[in-house]
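> need coordinates for the following:
(4 chains)
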Number of protein chains: 2
Amino acid sequence: MVVDGVAAGSGGADETVDRLFHALADTTRRDILRRCVRDELSVSRLAATYPMSFAAVQKHVTVLERAGLVTKQRRGREQLVRTDPDAVGRARQALDGLESAWRARVDRMSGLLADDDAEAGPDGNTRKGPDG
Amino acid sequence: MVVDGVAAGSGGADETVDRLFHALADTTRRDILRRCVRDELSVSRLAATYPMSFAAVQKHVTVLERAGLVTKQRRGREQLVRTDPDAVGRARQALDGLESAWRARVDRMSGLLADDDAEAGPDGNTRKGPDG
DNA sequence: CTATTGTACAACCAAATGGTTGTAGATGGA
DNA sequence: TCCATCTACAACCATTTGGTTGTACAATAG
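Numbers count the residues shown, from 1 in each chain, chains lettered A, B, ... in the order given. Model (predicted):
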């Protein structure tokens, strides 16, 4: 029961978005994403560039993988990490969900203004914000 | 340039993005954001709609505030919470940082294809995407 | 076969999260 | 004044995170 009807159908969607943003909420993980968009890098090669252990980087990659942001592919004994560009689009969509609500608000305000402030014309520049 | 990552001169930018995405990585907080874009709501009114204590919701609002996603404004004894629409744009910018790297990769691949697959013409309409 | 490299995974630990309750200070209304 | 409401904040607790180390196992080089 997620309160608002946002994701009433399948409760799993929230957790997906949770994992997505959580994975993005770490500097090291964002850096891994950037580097693995340009090149496929093995976990050990990634680990060599961060001031932490191999196991720690391995965990970061796991977090990214569970969020659907990267995929792993074996090549010999290496495991190549690659960023999934579509995942960035998924994150963007989640933001769009927020922005659409904002747009609805602007639309509602525009409706009020059209009624109250119609004489100002379409490029009505007058301050109408609530923060006076 | 940016790049909030390892090579950043002023390390403060990372933490800002960290806080931004961390604040977004929670279903309750995203719901608060959606509702406070449409209307300014007091903390107690918000708290009344979630299956948790007032103090818990208060903490969520604090997290959102520290991330710059909402602002609080006193009205009498109430504290009205409002989402800052620009903040969504900031999150989007952070995603753009990732996508620009992806674009660079595609550009580089296009260069290779132009050399290897030049007979396809400048149109280069053949599928060369990473999902192939 | 042996040694090295790359991964996987478990156990452990300090710190942060997300929740609770309780207490205290402002604000507004009777 | 007295009381109800709204907020702020501290203390506490269970769970998760982010890191460590150590061990085990597959793949490659010698």
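
> quick one: the helices in chain A?
In chain A, helices defined by DSSP state H lie at A:12-24, A:27-38, A:43-47, A:54-66, A:85-116, listed in chain order.

> mean neighbour count, those: which tops it?
Of the helices of chain A, the one with the most neighbours on average (mean count of other Cβ atoms under 10 Å in any protein chain shown) is helix A:27-38, at a mean of 21. (C-beta placed from N, C-alpha, C; glycine too.)

> so which of the helices of chain A gets nearest residue B:52?
Closest to residue B:52 of the helices of chain A is helix A:12-24 (Cβ to Cβ; 15.3 Å).

> hmm, who's touching that closest one?
For helix A:12-24, the external contacting residues (Cβ atoms under 8 Å, 6 or more residues apart in numbering or on different chains) are A:2, A:7, A:29-30, A:33, A:63-64, A:66-69, A:87, A:90-91, A:94, B:21-22, B:24-27, B:30, B:94.

> quick one: it near DNA strand C?
No. Contact of helix A:12-24 with DNA strand C (Cβ under 7 Å from any atom of the strand) is absent, the minimum separation being 8.2 Å.

> return the helix or strand in chain A with minimum mean pLDDT.
In chain A, the helix or strand scored least confidently by mean pLDDT, DSSP states H and E is helix A:85-116, which has a mean of 70.

> picking that back up, right, and the helices of chain A - which one's nearest residue B:54?
Across those, closest to residue B:54 is helix A:12-24 (Cβ to Cβ), at 22.3 Å.

> is DNA strand D contacted by that closest one?
Yes. Using Cβ under 7 Å from any atom of the strand, helix A:12-24 reaches DNA strand D at residue A:22.
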